[in-house]
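Engineer: coordinates for the following, if possible.
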Amino acid sequence: MNSERPALKHLFISPQHNFVGHHGGEPGESVMEDLDGIVCEAGSGIVGDRYFDHKPDYKGQITFFAWETFLEMRQVFPQKNLEPWVFRRNIITSGLDLNELIGSEFEVQGVRFAGTEEARPCDWMNRVIGDGARTALEGRGGLRARILSTGPLRKGPADLHVFVCG
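Structural biologist: Residues are numbered from 1 along each chain as shown. Model prediction:
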């Protein structure tokens, strides 16, 4: 983790998929909505998001992406004028090492999560960002997590607590 105080910078939902089910075709055009607050529902996902109630115990009920990685990608692909929503992750964080949360239970603003795996970049990243984006994001694609408790999240301080399990 870096020295910046952990924060939630953006909270995104999208009611529809742009890439799932579009393989070999054009991506969808559903925009990511940047909200001041969202509601996380244990075992289901984010209210209003495309993955809400996707399937039981789904390991990607919510996704996180690092602001620091976003800023680096803007440097690597300056011609694209990238915005944080292009990565299609729900939460843009700052000051957190998301890879350290894989396999851990953690709490942000009173909502508890289980970090399940890296949100691995897919081939669509090359398409929407530029050639080499998928490779540039390997190991830094963000975090997929299950939601363990119901509650709201708001933009602002992350108030992170990591729990030792087992």
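Engineer: quick one, helices of the protein?
Structural biologist: Ranges of helices in the chain, per DSSP state H, are 67-76, 124-128, 133-137.
Engineer: buried ones in the longest one?
Structural biologist: Neighbour counts using 16 or more other C-beta atoms under 10 Å place 67, 68, 69, 70, 73 of helix 67-76 among the buried residues. (Each C-beta comes from the backbone N, C-alpha and C, glycine too.)
Engineer: count of neighbours near residue 78?
Structural biologist: Residues contacting residue 78 under the criterion other C-beta atoms under 10 Å number 9.
Engineer: same for the worst-scoring helix or strand of the chain on mean pLDDT, what does it pack against?
Structural biologist: Here the helix or strand of the chain ranked lowest by mean pLDDT, DSSP states H and E is helix 124-128, holding a mean of 82. Counting contacts by 3 or more C-beta pairs under 8 Å, 6 or more residues apart in numbering; DSSP states H and E, helix 124-128 is packed against helix 133-137.
Engineer: against residue 112, how distant is residue 4?
Structural biologist: To residue 112, residue 4 is 23 Å away according to C-beta to C-beta, to the nearest Å.
Engineer: and these two? which has more neighbours close in?
Structural biologist: Neighbours per residue, other C-beta under 10 Å: of residue 4 and residue 112, the larger number sits with residue 112, 19 against 11.
Engineer: what's across from that one in the sheet?
Structural biologist: Beta-bridge partners recorded for residue 112 (DSSP bridges): residue 107.
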